[in-house]
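In: after the sequence you'll find the predicted model.
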Amino acid sequence: MRLRDVTPDDVDAYVRMRCDPIMMAGLGGPLPAEGMRDKVRRDARDAAADRAWIKMIVPDPATQDEVAGQVTIWSHDSGEGPFSEIGWMVLPRFQGRGLAKRAARALLERARDEDRWGVVHAFPATGNGASNGICRSLGFRFLSEQSVTFADRVLRSNHWTLDPRTDLPPAGA
């Protein structure tokens, strides 16, 4: 597995992830494809400027064009001040291989090594057993179940936090 920055050429991968009813079932349903080109352009600009770590998951480095999903760490304002958040998506045909966990761990290790992002929050849907399991296995602490807004939709999520500097378990743990 390899992680690379999102580029403006990743529109097809975004459409497959964000406009698919199965992929978006826990996130309020598919998003419209019309806005994906602009979303990818904005994300590529933020990644290039190092405002966010928006990484495409390439399952086989020998096949550079095949994307399995995405993992991202970014900062935003919660209304109570800025905080960092991590999220991931893996396309159905690549699920069950540990790619999301390995990709999330790689970004969290980088955050620890660069002492960047501070405490990282994750908000997987309450019914997303796989993502909640990733949070548990990576050492996140469960805080609460709460409503969060994603793409103008209110979703029921579990709120997890992890300080990569102190909470990230050793690789293989």
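Out: Received, thanks. Numbering: from 1, shown residues only.

In: what stretches of the protein score poorly on pLDDT?
Out: 172-173 (pLDDT under 70).

In: against V67, how distant is the residue found closest to D20 once you drop the neighbours it is linked to in the chain?
Out: Excluding its sequence neighbours, the residue lying closest to D20 (Cβ to Cβ, 6 or more residues apart in numbering) is P30, at 5.9 Å. Placement of C-beta: from N, CA and C, glycine included. Distance, P30 to V67, using Cβ to Cβ, to the nearest Å: 18 Å.

In: who has more neighbours, these two?
Out: V67 (22 against 16; other Cβ atoms under 10 Å).

In: so that one, which of the three states?
Out: Here V67 takes the coil state, with states given by DSSP: H, G, I helix; E, B strand; the rest coil.

In: longest helix of this structure?
Out: When the chain is parsed with DSSP state H, its longest helix is helix 99-114.

In: mind listing what's buried in it?
Out: Residues of helix 99-114 classed as buried: 99-108, 110-112 (neighbour count, 16 or more other Cβ atoms under 10 Å).

In: helix, strand or coil for H159?
Out: Relying on three-state DSSP, one would call H159 strand.

In: who touches the helix or strand N132 falls within?
Out: Per DSSP states H and E: N132 is located in helix 129-137. For helix 129-137, contacts defined as Cβ atoms under 8 Å, 6 or more residues apart in numbering pick out 88, 95, 100-101, 104, 122, 124-126, 142, 158, 160, 162.
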